[in-house]
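[1] Turn this into a model:
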Amino acid sequence: MDSSIEPVLRIAPGDTVEIEVANSSGGQLDRDSTAADLLSLDFSRVNPVTGPIAVDTAEPGDSLVIEVLDIAVRDWGWTANIPGFGLLTEQFPDPHLRFSSVADGAIDFLDGVALTALPMIGTIGLAPAGGQALPMVPPHRQGGNMDIRQVTAGSQLRLPVAVPGGLLSLGDTHAAMGDGEVCGTGIEISSTVTVRIDVAKQPVPTAVLRTDGRTARTGPALIATGIGPDIWQAARDATSSLIDQLVQRTGLAAVDAYLLASVTADMHVAEIVDLPNVVVAMHFPLDVLG
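    Predicted coordinates:
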C-alpha cells in the first residue's frame, strides 16, 4: 500500500466496479503444484492486490464506503501449511498443500469433509498517509490484510481516507476461511469482485463493518479452549486442542486437521475481564463432518 502508485482507475462516488483478483500466491501455485513448491515461494509476490482505485472528492478525514455486491470465485483453490508461517509453526514444520474444488456453493475439501462456500475478501484497504510504503501482509489503520471473513457479499465496509482519492486496492479472496485463519491460509482462490464505492464525510478511526448476517455459522459445534495470561499462547493452545479433538474423532492427519481448522473454525476471545487469565475459544461446526 503506497500513495505514490498511480491509480489504475478513477471513479465518481457511487460508481460500481468489477475487479479481477488473483489468488494469494500471485500466480506461483497452480493445480499442478506440489508441497515442495511452497519452499520456493517468493514472498515479495504473495498477497497481490488489484488497484489502486481513486475516488473523486475523497479527502483525508473522509470515509470510503465499500458495499460488496458479489464475489464470484473460480472452481478451485488451495490451502497450505507454509513452513515458518502460521500459528503453530513449531508443531508443523513441513510443507503441506491441499487443493479444493468449488462448485454450486459447495467445497470439496477432503474425503468426507464438505464445506459451504462463504467467499470473502481477505485484503482490502486504502493508501496510508505520509508517503509510507507498507508491506501487504500486516494490516494497518487504512485496512489491508485484515482477513475479516465477514467482508463478503452483503457487507458494507468503511475505511478512513488518508490521501486524496483514498486509493482503494483489494485481493486475497477466499472461498472459505475461519476466524483466525490459524494455519496462515484459507481456501485461497482467484475471483471477480463487484463493489459499489462511495464517500462519506463522517470519519472512522479504523475499519467499521456492517453485515447482513449471511456469514453466521449455526448448528452443533465443537469448542476447544486455551486459557492463560498470554492471549497469543491461549490462541495456540485452543488451536492445538481442537486439532487433537479432530484427529481423535475423524482419524485425519494432524496437519490436515490444522488446515481444516484454518478454513472453517472460528477463533473468539470468549472472556478477557477476569485477570490475569483470558479464554480463547475455537468453534468448529460439526456439520462439515457429515
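
[2] sec struct for residue 246, please.
    helix (DSSP: H, G, I helix; E, B strand; the rest coil).

[3] What of residue 80?
    strand.

[4] Equivalent analysis for residue 27, please.
    Assigned with three-state DSSP, residue 27 falls in the coil class.

[5] pLDDT wise, what is it at?
    Predicted confidence (pLDDT) for residue 27: 94.

[6] Near it, how many other residues are there?
    For residue 27, the count of nearby residues is 10 (other Cβ atoms under 10 Å). Bear in mind the C-beta positions are built from the backbone N, C-alpha and C, glycine included.

[7] give me the number of residues near the residue nearest to it when sequence neighbours are not counted?
    Spatially, and ignoring its direct neighbours in sequence, residue 27 is nearest to residue 45 (7.5 Å; Cβ to Cβ, 6 or more residues apart in numbering). Using other Cβ under 10 Å, residue 45 is surrounded by 14 other residues.

[8] just residue 188 next, same as before
    Using other Cβ under 10 Å, residue 188 has 24 other residues around it.

[9] same check, this time on residue 153
    By other Cβ under 10 Å, neighbour count at residue 153 equals 20.

[10] Assess the claim that it and residue 73 are in contact.
    No - here residue 153 lies out of contact with residue 73, judged by Cβ atoms under 8 Å, at a distance of 10.9 Å.

[11] what sits in contact with each of these two?
    Common contacts of residue 153 and residue 73, defined by Cβ atoms under 8 Å, 6 or more residues apart in numbering, comprise residue 119.

[12] can you count the residues close to the closest residue to residue 134 other than its chain neighbours?
    Distances taken as Cβ to Cβ, 6+ apart place residue 1 nearest to residue 134, at 4.6 Å, with adjacent residues excluded. If you count neighbours by other Cβ under 10 Å, residue 1 ends up with 25.

[13] got it, and residue 174?
    Neighbours of residue 174 using other Cβ under 10 Å come to 29.

[14] Excluding residues flanking it in the chain, which one is nearest it?
    Nearest non-adjacent residue to residue 174, counting by Cβ to Cβ, 6+ apart: residue 186, 3.6 Å away.

[15] does the one you found count as helix, strand or coil?
    coil.

[16] wait, what's in contact with the residue nearest to residue 27?
    So residue 45 contacts 25-28 (Cβ under 8 Å, 6+ apart).

[17] which of those residues are buried?
    Among those, those classed as buried by 16 or more other Cβ atoms under 10 Å are 25-26, 28.

[18] list the helices and strands the helix or strand where residue 226 lies packs on?
    Taking DSSP states H and E as the criterion, residue 226 maps to strand 221-228. Using 3 or more Cβ pairs under 8 Å, 6 or more residues apart in numbering; DSSP states H and E as the contact test, the elements touching strand 221-228 are helix 231-250, strand 278-285.

[19] Toward the C-terminus, what is the element adjacent to the first one?
    The one in question is helix 231-250. helix 254-264.

[20] I'd like the next helix or strand past that next one.
    strand 266-271.

[21] What angle do strand 221-228 and that following strand make with each other?
    50 degrees (axes from the mean of the first three to the mean of the last three Cα atoms, to 10 degrees).

[22] Can you list the strands that strand 266-271 pairs with?
    Here strand 266-271 is paired, per DSSP bridges, with strand 278-285 (antiparallel).

[23] Which parts of the partner strand count as buried, going by neighbours?
    278-285.

[24] can you pull up the bridge partners for the residue nearest to residue 231 when sequence neighbours are not counted?
    Residue nearest to residue 231 in three dimensions, not counting chain neighbours: residue 278, with 5.1 Å by Cβ to Cβ, 6+ apart. Counting by DSSP bridges, residue 278 is bridged to residue 228.

[25] who touches residue 278 in this structure?
    227-229, 231, 234, 269, 271-272.

[26] Show me which of those are buried.
    Here, 16+ other Cβ under 10 Å leaves 228, 234 buried among those.

[27] Put together a markdown table for the contacts of residue 278, with pLDDT on each row.
    Converted to a markdown table, the contacts of residue 278 look like this (pLDDT from 0 to 100):
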| residue | pLDDT |
| --- | --- |
| 227 | 98 |
| 228 | 98 |
| 229 | 98 |
| 231 | 97 |
| 234 | 98 |
| 269 | 97 |
| 271 | 96 |
| 272 | 96 |
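
[28] Sounds good, over and out.
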